[in-house]
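Engineer: Sequence below, structure please.
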Amino acid sequence: MKIIVPMAGRGSRLRPHTLTVPKPLIPVAGKSIVHRLVEDIAQILKEPIEEVAFILGDPAFFGDDLVASLEELAGSLGAKASIYRQDLPLGTGHAIMCAKESLSGPAVIAYADTLIRADFQLDPEADAVIWVKQVEQPEAFGVVKLNANNEIIELVEKPKEFVSDLAVIGIYYFKEVGDLKKELQGVLDNNIQNGGEYQINDGIKAMMANGKVFKTGSVDEWMDCGNKDVTVETNSRMLGFLHNDGEHLVDYDVKLENSTIIPPCYIGENVVLKNTTVGPNVSIGKGCHVTDSIIKNSLVQTFSQIKNANLDNAMIGNHVVYDGKFTSISIGDYSVLE
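Structural biologist: Reported below is the predicted structural model:
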């Protein structure tokens, strides 16, 4: 089994956090989105992973440190890491074809801006599986249309009239991913574009037209990391799941001085809390110092200094200095104070 991870996008909806850090490396509950996604998929599949192929963007942004961390991630699964580059943002289908040397055999394709909780078995009768989640507002999503045999016969993007309430979440399984490769090559050769981009859906539709059987897979939880608010919400939900699983989330080296941690919280190594209440639903990355503050339902990355703060639904980056009693400020592009 292979895992193919397109992650070349810059994550503009999550600025300013993605101005210096690629979105897949933003931490959720103490672990980057891409690390958590790949590890969870590998655990769910319950099959040996032979290769993890990552499709990255510009090397100036997706640099050597990121490549090293991805190689380490694949190695932790006993898998080979393959690194590919998508030089131009030409769509999901184009991104996948940037990894065409790895497109053979059974594979899962997963976009690195979503997290899941699931426990499933792959349908042996299906040529492919598209994972979906039942949603209340299907008109806001791409959805699947099923026939009487519960096979997917159509993909519909943001339907104006009701088609189904099963939204596509961006994770796919192909019994032979080479079939998708063949159809996407046709999409590229024939310059089939939607919105000026080459899309995976056009390859999938061609597979369906050639008689390939697509089934749905369902997930218990689908968590988005598209913008600040949903990323903070995803952090909170993931902390709850991990806490209920019994995972130890507070580093043993945390220094507490007249402070309280209300679970669930992730607190990284060498964090110092003084006269502070943290939680519930807070992640604080390594090396942070928090003084005279109350923080709940928030995500703080690494090596930041926070004092005199009363924060709720906050997302703070790396190496930030924040004083809630500020009179002099220096904030960069796309920063928000509300």
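
Engineer: which ones are touching Leu122?
Structural biologist: Contacts here follow Cβ atoms under 8 Å, 6 or more residues apart in numbering; on that basis Leu122 touches 45, 129, 173, 217. Where C-beta positions appear, they are placed from N, C-alpha and C, glycine not excepted.

Engineer: Out of the residues you listed, list just those in strands.
Structural biologist: 129, 173, 217 (DSSP state E).

Engineer: out of those residues, who's nearest Ile55?
Structural biologist: For the ones in strands among the contacts of Leu122, the closest approach to Ile55 (Cβ to Cβ) belongs to Tyr173, at 17.6 Å.

Engineer: Which pLDDT value belongs to the nearest residue to the closest one once chain neighbours are set aside?
Structural biologist: For Tyr173, ignoring the flanking residues on the chain, the nearest one in space by Cβ to Cβ, 6 or more residues apart in numbering is Val129 at 4.1 Å. The score at Val129 is 94. That number is its pLDDT.

Engineer: ok, which stretches of the stretch 101-250 of the chain are strands?
Structural biologist: Listed in chain order, the strands of the stretch 101-250 of the chain (DSSP state E, counting those that start in this stretch) span 107-110, 114-117, 128-134, 142-146, 152-157, 166-174, 214-218, 221-224.

Engineer: Ranking the ones you listed by mean neighbour count, which comes first?
Structural biologist: Among those, ranked by average contacts under mean count of other Cβ atoms under 10 Å, first place goes to strand 107-110 (a mean of 25).

Engineer: so how far is it off the chain centroid?
Structural biologist: In terms of Cα atoms, centre = their mean, to the nearest Å, the gap separating the centre of strand 107-110 from the centre of its chain is 13 Å.

Engineer: Pull up the pairing partners for that strand, direction included.
Structural biologist: Partners of strand 107-110 in the sheet, by DSSP bridges, are strand 2-6 (parallel), strand 166-174 (antiparallel).

Engineer: Pipe the ones you listed into TSV and attach mean pLDDT per row.
Structural biologist: Written out in TSV, the entries for the strands paired with strand 107-110 read as follows (pLDDT from 0 to 100):
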stretch	mean pLDDT
strand 2-6	95
strand 166-174	92
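
Engineer: distance of the closest residue to Met97 other than its chain neighbours from Pro263?
Structural biologist: In space, and not counting its chain neighbours, Met97 is closest to Leu184: 5.2 Å by Cβ to Cβ, 6+ apart. Leu184 sits 45 Å away from Pro263, going by Cβ to Cβ, to the nearest Å.
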